[in-house]
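[1] Prediction below, plus the sequence it came from.
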Amino acid sequence: MNFSTELIFDITIIMITATLIAGVVLGSIALFRILATLKLRNKMLQQATRPYIFCQRNHQQLEIRNNGQVPIKIDAFDSQIDLTTLIGKVLPAGQTFLYRIDESSQFTITVKYHDQITNYTDSFNI
């Protein structure tokens, strides 16, 4: 082989190497952006579909409502009234438990509950 043929081969090898390096770098950047986008999407989905429990007084009844999009299971109550009958119950999305209470009493309820992914705790002044 003469000098010009070797020079063409060397230039071709350098261009192929540079193209491969640029491809690997750009591919890595794209993968990291995809990973960040997927994490953000998962976080947004979890926030949009998480359960939101709501407790309020409705005349002589305590209303415990699941305002979220997924069913929850009630793990524990911390309150002055006895709500042990509701522990372990599943509360579907949009459903309500009604519990009879004395209208004049003021109290605080702390509810521990979970869905299939996460445990939650909320407190309410009733």
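    Nice, thanks for sending it over.

[2] Run a quick neighbour tally on the residue lying closest to Thr118 once chain neighbours are set aside.
    Distances taken as CB to CB, 6 or more residues apart in numbering put Arg50 closest to Thr118, at 7.3 Å, once the chain neighbours are dropped. Glycine gets a C-beta too; all of them are placed from N, C-alpha and C. Residues lying near Arg50 (other CB atoms under 10 Å) number 15.

[3] Let me see the contact set for Arg50.
    Neighbouring residues of Arg50 by CB atoms under 8 Å, 6 or more residues apart in numbering: 68-70, 115, 118, 120.

[4] what's the answer for Ile11, then?
    Residues counted as contacts of Ile11 (CB under 8 Å, 6+ apart): none.

[5] Report the separation between it and Thr5.
    11 Å (CB to CB, to the nearest Å).

[6] ranges for the strands of this protein?
    53-58, 61-66, 72-78, 90-91, 96-100, 108-114, 119-125 (DSSP state E).

[7] And for Leu83, the neighbour number?
    19.

[8] Quickly list the domain ranges of this protein.
    Domain ranges of the chain: 1-49, 51-125, per automatic domain parsing.

[9] Return the most buried member of the ones you listed.
    Across the domains of the chain, the average number of neighbours (mean count of other CB atoms under 10 Å) peaks for domain 51-125, which reaches a mean of 14.

[10] can you give me the end-to-end distance of it?
    One end of domain 51-125 sits 19 Å from the other (CA to CA, to the nearest Å).

[11] so for that domain, what's the average pLDDT?
    Across domain 51-125, the average pLDDT comes to 87.

[12] Off-centre distance for it?
    From the chain centre to the centre of domain 51-125 is a distance of 20 Å (CA atoms, centre = their mean, to the nearest Å).

[13] Likewise for stretch 33-41?
    14 Å.

[14] Send over that stretch as CSV, restricted to the C-alpha atoms.
    Backbone C-alpha positions of stretch 33-41 (Å, rounded to 0.1, in the frame of the first residue of the first chain) are rendered in CSV as follows:
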residue,chain,number,x,y,z
ARG,A,33,-32.8,12.4,30.3
ILE,A,34,-35.2,9.5,29.8
LEU,A,35,-34.5,8.3,33.3
ALA,A,36,-35.1,11.7,34.8
THR,A,37,-38.4,12.0,32.8
LEU,A,38,-39.5,8.6,34.0
LYS,A,39,-38.8,9.5,37.6
LEU,A,40,-40.8,12.7,37.3
ARG,A,41,-43.7,10.8,35.6
